[in-house]
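> generate a structure from the sequence data that follows.
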Amino acid sequence: MNRPAPDDSGFPAPPWELRGHGVMILAPASRRARDLSLPDEFWLQPLLAGRSFRGYYLAEYSTPLSRDAALPWHEWGNVAGYVRSADGNGFFISGMAVDSGAACQGGREIWGLNKFRGDIRMAAAGRAGEASLAVEDGLVEARWKPFGPGLRLSPTFRFVTAVQGKVRFYTVTIHGRFRLARAWITRRTSPSFPALKERLYGALRFEEGTITITVPQAPMDHEGLSSFRDE
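Predicted coordinates for the structure are as follows:
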């Protein structure tokens with residue numbers, strides 16, 4: 001249960017715990033690649049088989065963040081890559097569209113994220129689904145189709161951000177049922193979401209999810225890499 005903020009900020013105090021479902025569309029990236037969406041102090045860092053990873057995170061949530069919240073609400077993040085900095089490693093989100101005012105304000109003020117409003121539509125017919133995003137500078141459209149058996153997992157992902165000019169780290173843990181999936185980016189005109197192009201990718205689809213986002217911490221207080229574990 002999310003705790004109310006100590007002031008009238010309009011969003012709950014961290015950590016946030018959300019219920020929902022979504023999909024992570026991933027692509028390997030060469031460490032030599034230079035992404036203009038990365039700050040100058042971050043560089044792509046190998047995570048698996050000498051490759052970094054970038055992609056999209058799309059989710060639909062049923063947890064209200066404010067008293068007058070419209071449900072469900074959505075977010076669509078551009079994960080610029082797994083990066084290294086002078087203070088440590090983690091995934092970096094260069095931009096995230098949301099259709100919730102509380103999520104937009106809280107993401108900016110608590111986690112220092114570049115969150116902005118967007119029109120996000122997400123439809124899941126069974127496990128397969130499709131989604132569309134409209135922001136000021138363009139569109140992104142995607143669809144996905146899972147395959148194979150599902151497994152209950154609790155992966156934890158480490159993220160790096162900057163809060164008031166200081167590097168901070170936080171984790172996102174997703175408890176849910178995961179399946180491998182194929183995903184297609186069928187249209188992309190928005191330069192704010194450069195991580196993927198119009199083509200086929202591998203993906204992870206999660207359902208029945210509980211997503212926990214921790215309080216940002218200073219580098220010396222936050223250790224560990226992204227990890228997976230069975231429930």
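
> tell me, how many residues neighbour residue 183?
29 (other C-beta atoms under 10 Å). Just so you know, the C-beta spots here come from the backbone N, C-alpha and C atoms, and that holds for glycine as well.

> so what's the spatially most central residue of the chain scoring on pLDDT?
Centroid-nearest residue in the chain, with C-alpha atoms, centre = their mean: residue 57, separated by 4.3 Å. Listed pLDDT for residue 57 reads 98.

> show me where this structure has its helices.
101-111 (DSSP state H).

> now do the strands in it.
Applying DSSP state E to the chain gives strands spanning 16-29, 43-44, 52-61, 73-85, 88-98, 115-117, 119-125, 128-135, 138-153, 156-163, 166-188, 200-213.

> and the last one, what does it pack against?
Read it as strand 200-213. Helices and strands touching strand 200-213, by 3 or more C-beta pairs under 8 Å, 6 or more residues apart in numbering; DSSP states H and E, are strand 16-29, strand 52-61, strand 138-153, strand 166-188.

> closest to residue 127 out of those?
Nearest to residue 127 among the helices and strands packed on strand 200-213 is strand 138-153 (4.5 Å), distances taken as C-beta to C-beta.

> which stretch among the strands of the chain comes nearest residue 37?
Nearest to residue 37, of the strands of the chain and by C-beta to C-beta, is strand 88-98 at 3.7 Å.

> how far away from the center of its chain is that closest one?
7 Å (C-alpha atoms, centre = their mean, to the nearest Å).

> got TSV for the helices and strands packed on strand 200-213, with distance to residue 215 too?
Shown next, in TSV, are those (distance: least, C-beta to C-beta, whole Å):
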stretch	distance to residue 215
strand 16-29	10
strand 52-61	19
strand 138-153	23
strand 166-188	7
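
> pick the most buried one from those.
strand 52-61 (a mean of 24; mean count of other C-beta atoms under 10 Å).

> just the C-alphas of it, formatted as CSV.
What follows is strand 52-61, C-alpha atoms only, in CSV (Å, rounded to 0.1, in the frame of the first residue of the first chain):
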residue,chain,number,x,y,z
SER,A,52,24.5,-3.4,-23.4
PHE,A,53,20.7,-3.4,-23.8
ARG,A,54,18.2,-0.7,-24.7
GLY,A,55,14.5,-0.7,-25.4
TYR,A,56,11.0,0.2,-24.3
TYR,A,57,9.1,-0.4,-21.1
LEU,A,58,5.3,-0.2,-21.5
ALA,A,59,2.9,-0.8,-18.6
GLU,A,60,-0.7,-0.4,-17.5
TYR,A,61,-1.4,0.1,-13.8
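
> who are the packing partners of that strand?
Counting by 3+ C-beta pairs under 8 Å, 6+ apart, strand 52-61 packs on strand 16-29, strand 73-85, strand 119-125, strand 138-153, strand 200-213.

> who are the packing partners of the worst-scoring helix or strand of the chain on mean pLDDT?
Sorting the helices and strands of the chain by mean pLDDT, DSSP states H and E puts strand 43-44 at the bottom, at a mean of 90. Where contact means 3+ C-beta pairs under 8 Å, 6+ apart, strand 43-44 is packed against strand 73-85.

> partners of the strand it packs on in the sheet?
Note on strand 73-85: by DSSP bridges, its sheet partners are strand 43-44 (antiparallel), strand 52-61 (antiparallel), strand 88-98 (antiparallel).

> any idea which of those strands gets closest to residue 209?
Closest among these, once you apply C-beta to C-beta, is strand 52-61, at 7.8 Å.

> return the distance of that closest one from the chain's centre.
Relative to the mean C-alpha coordinate of its chain, strand 52-61 is positioned 5 Å out (C-alpha atoms, centre = their mean).

> sweet, I'm off.
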